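Chemist: pasting the sequence and the predicted coordinates here, then a few questions.
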Amino acid sequence: MFDNLSNKLDRAFKTLKGQGSITEINVATTIKEVRRALVDADVNYKVAKTVTDNIKEKALGRDVLIAVSPGQLMVKIMHEELTELMGGEKQDINLKGDPAIILISGLQGSGKTTFTGKLANYIKKQGRSVMVAACDVYRPAAINQLQVLAEQVGVEAYTELENKNPVQIALNAIEHAKKTHKKVVIIDTAGRLAVDEAMMKEIAEIKKAVNPTETLFVVDSMTGQDAVNTAKTFNERINFDGVVLTKLDGDSRGGAALSIRAVVEKPIKFISTGEKMEALDLFYPDRMAQRILGMGDVISLVERAQQAFDEDEAKRINKKIRKNQFNFDDFLTQLEQIKKMGDIKDLVGMIPGVGKALKDVEIDENAFKPIEAIIKSMTPEERENPDIISGSRRARIAKGSGTDVTQVNNLMKQFNDMRKMMRSMNKMAGKRGGLGNLANMMKR
Ligand SMILES: Nc1nc2c(ncn2[C@@H]2O[C@H](COP(=O)(O)OP(=O)(O)O)[C@@H](O)[C@H]2O)c(=O)[nH]1
Ligand SMILES: [Mg+2]
């Protein structure tokens, strides 16, 4: 998602790269390109204009620090503006009430029933008892679909096959939830292919009858500008509390995410990125802005790295690197830590600047296996002191690890290159840790 927009913004900022200062003229060119990129990504024209006007004002008012280039400063300002545009702070769902009642609204096919299942799963994982209610009475298949999803995530689905009155079913469902001590009830409703009066009347009636804790509007992000218009109509009629953006895994141009908040002034609360029940995320405006700008999901990267990395271990390794004592034991420890950090491709994609370069490169996680086998076939002495690994030792190691001499030679060469690099970095008094080195190795 957003690849297209990221690329265009990247190009727009290039204009400013290499320039010594921010001036009226170079900002004007960049701003024009940024505005066009936003409009091309389905961002509402008025919204794009407001955003770019704000950026321009901020950019011209700010002194360029010696440490950052005008291009970097523009990205920073743009990041602030996009975050603000998408609502600033993350907004959680309100689950107060006994039970809390969540009403789901939106057009047919937007992903309401799928989201109902996902939200039930999400709430259940927080340890709350939850129930879903099927109030789409027009298509028998819709009831069945919700039953299947509910079963999949292990929650109860309330259905009434004979009853054709969605308001009544919703009220009965809430009664049932109270009797069975559920803390949350999620009400799935029927949609139409386009906004029509009968649907609006029905959802408004359900809302009035059940007095929900939270009314969510589900919208397909692939529908571009239409998504914004539909959101506006629904909001005028039922005054919803939050938006759920679905299908962000598709080739959505992302404009909906950028303009809905600004147009209806209601927060986006969740994003849905696939058909699986786990494919649901809270919406973080700042992280989304980072993704759009191709800065990489730095925050997530740092969080995951912090979880996996043992700080004392990292300090120990850095010390060894500085003393030119980095050996195969340390190498192995680093590999273990990287593996702990989870899916490697995911992770590498989050590193700013690396994500794009490596986007199309296949990173084979199994590639680590022979490396580990080779290192584990070395004697402690060899690992500690890699320079003693002669030709005959290499043959023995190859045999012991089930690899061949070429693979051992390759690893030795990479390892030696890495040590050389560390040495020259030490000379430059660089203090970069081992992760950067490994990232470099993977690029080859
Ligand atoms: N790729 C993708 N498909 C989705 C997502 N959410 C829903 N769908 C699919 O979109 C279709 C319509 O979803 P459904 O929940 O039945 O929509 P409803 O009519 O609003 O209840 C189904 O085929 C879903 O599997 C999503 O986030 N990503
Ligand atoms: Mg449905």
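Modeler: Now that the structure is in, tell me what you want to look at. Ligands and ions are numbered 1, 2, ... in the order given.

Chemist: just give the nearest non-adjacent residue to Gly191, would you?
Modeler: Closest residue to Gly191 apart from its sequence neighbours, by C-beta to C-beta, 6 or more residues apart in numbering: Gln108 at 3.7 Å. C-beta: built from backbone N, CA, C; applies to glycine.

Chemist: and that neighbour, how close does it get to ligand 2?
Modeler: 7 Å (C-beta to the ion, to the nearest Å).

Chemist: show me the shaky parts of the stretch 51-200 of the chain.
Modeler: Residues of the stretch 51-200 of the chain that meet the criterion pLDDT under 70 lie in 62-73.

Chemist: how about the residues of it by ligand 2?
Modeler: Within reach of ligand 2 by C-beta under 5 Å from the ion, the stretch 51-200 of the chain has these residues: 112-113, 142.

Chemist: all helices of the stretch 251-400 of the chain, in order?
Modeler: 255-264, 285-292, 298-308, 311-322, 328-340, 344-350, 354-357, 368-376, 380-384, 391-401 (DSSP state H, counting those that start in this stretch).

Chemist: how does the chain divide into domains?
Modeler: In the assignment given by automatic domain parsing, the structural domains of the chain cover 3-85, 100-284, 299-443.

Chemist: out of those domains, nearest to ligand 1?
Modeler: Ranking the domains of the chain by their distance to ligand 1 (criterion: C-beta to the nearest ligand atom) puts domain 100-284 first, at 3.3 Å.

Chemist: give me the distance between the residue of the chain at minimum distance from ligand 2 and Glu175.
Modeler: The nearest approach of the chain to ligand 2 comes at Thr113, 3.3 Å away (C-beta to the ion). Between Thr113 and Glu175 the distance is 22 Å, computed by C-beta to C-beta, to the nearest Å.

Chemist: more neighbours, those two?
Modeler: When Thr113 and Glu175 are compared on other C-beta atoms under 10 Å, the one with more neighbours turns out to be Thr113, at 25 against 11.

Chemist: isn't the more buried one up against Gln145?
Modeler: Yes: taking contact to mean C-beta atoms under 8 Å, the distance of 5.3 Å between Thr113 and Gln145 places them in contact.

Chemist: which one of the domains of the chain lies nearest to Asp92?
Modeler: Closest to Asp92 of these, according to C-beta to C-beta: domain 100-284, at 7.2 Å.

Chemist: that closest one near ligand 1 at all?
Modeler: Yes: with C-beta under 6 Å from any ligand atom as the measure, domain 100-284 is seen reaching ligand 1 through 106, 108-114, 191, 246-247, 249-250, 272-275.

Chemist: just those: which are in helices?
Modeler: 112-114 (DSSP state H).

Chemist: JSON lines for the residues you listed, including distance to Thr215?
Modeler: JSON lines is the format used below for these (distance: C-beta to C-beta, whole Å):
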{"residue": "Lys112", "distance to Thr215": "12"}
{"residue": "Thr113", "distance to Thr215": "16"}
{"residue": "Thr114", "distance to Thr215": "18"}
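
Chemist: part of a strand, is Val244?
Modeler: Yes: secondary structure assignment places Val244 in a strand (DSSP: H, G, I helix; E, B strand; the rest coil).

Chemist: check contacts around it.
Modeler: With contacts defined as C-beta atoms under 8 Å, 6 or more residues apart in numbering, the neighbours of Val244 are 106, 111, 115, 216-219, 268-272.

Chemist: using JSON lines, lay out those residues together with neighbour count.
Modeler: Conversion of the contacts of Val244 to JSON lines gives the following (neighbours: other C-beta atoms under 10 Å):
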{"residue": "Gly106", "neighbour count": "25"}
{"residue": "Gly111", "neighbour count": "22"}
{"residue": "Phe115", "neighbour count": "23"}
{"residue": "Leu216", "neighbour count": "25"}
{"residue": "Phe217", "neighbour count": "28"}
{"residue": "Val218", "neighbour count": "26"}
{"residue": "Val219", "neighbour count": "27"}
{"residue": "Ile268", "neighbour count": "25"}
{"residue": "Lys269", "neighbour count": "22"}
{"residue": "Phe270", "neighbour count": "21"}
{"residue": "Ile271", "neighbour count": "22"}
{"residue": "Ser272", "neighbour count": "23"}
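
Chemist: Ala59: which of those residues is nearest?
Modeler: For Ala59, the closest of the contacts of Val244 turns out to be Ile268, at 26.5 Å, with distances computed as C-beta to C-beta.

Chemist: tell me which residues form a beta bridge with that closest one?
Modeler: Val243 (DSSP bridges).

Chemist: for Ala134, phi and psi?
Modeler: For Ala134, the backbone dihedrals are phi -90, psi 110 (criterion: degrees, to the nearest 10).

Chemist: just to revisit the earlier point, single out the most deeply packed of the domains of the chain.
Modeler: Most buried of the domains of the chain, by mean neighbour count (mean count of other C-beta atoms under 10 Å): domain 100-284, with a mean of 20.

Chemist: is the residue nearest to Gly191 in contact with Thr189, as I believe?
Modeler: No: the criterion here is C-beta under 8 Å, and Gln108 misses it with Thr189 at 10.3 Å.

Chemist: gap between Glu214 and Arg394?
Modeler: Per C-beta to C-beta, Glu214 is found 65 Å from Arg394.

Chemist: what does Pro285 give?
Modeler: From Pro285 to Arg394 the distance is 54 Å (C-beta to C-beta).

Chemist: mind listing the helices for the stretch 101-250 of the chain?
Modeler: Secondary structure of the stretch 101-250 of the chain (DSSP H, counting those that start in this stretch): helices located at 112-125, 140-153, 166-179, 197-210, 225-238.

Chemist: give me the contacts around the fourth one.
Modeler: The reference is to helix 197-210. Contacts of helix 197-210 from elsewhere in the structure, counted by C-beta under 8 Å, 6+ apart, are 101, 103, 105, 135, 166-167, 170-171, 174, 187, 189-192, 215, 233-234, 237-238.

Chemist: good, wrapping up.
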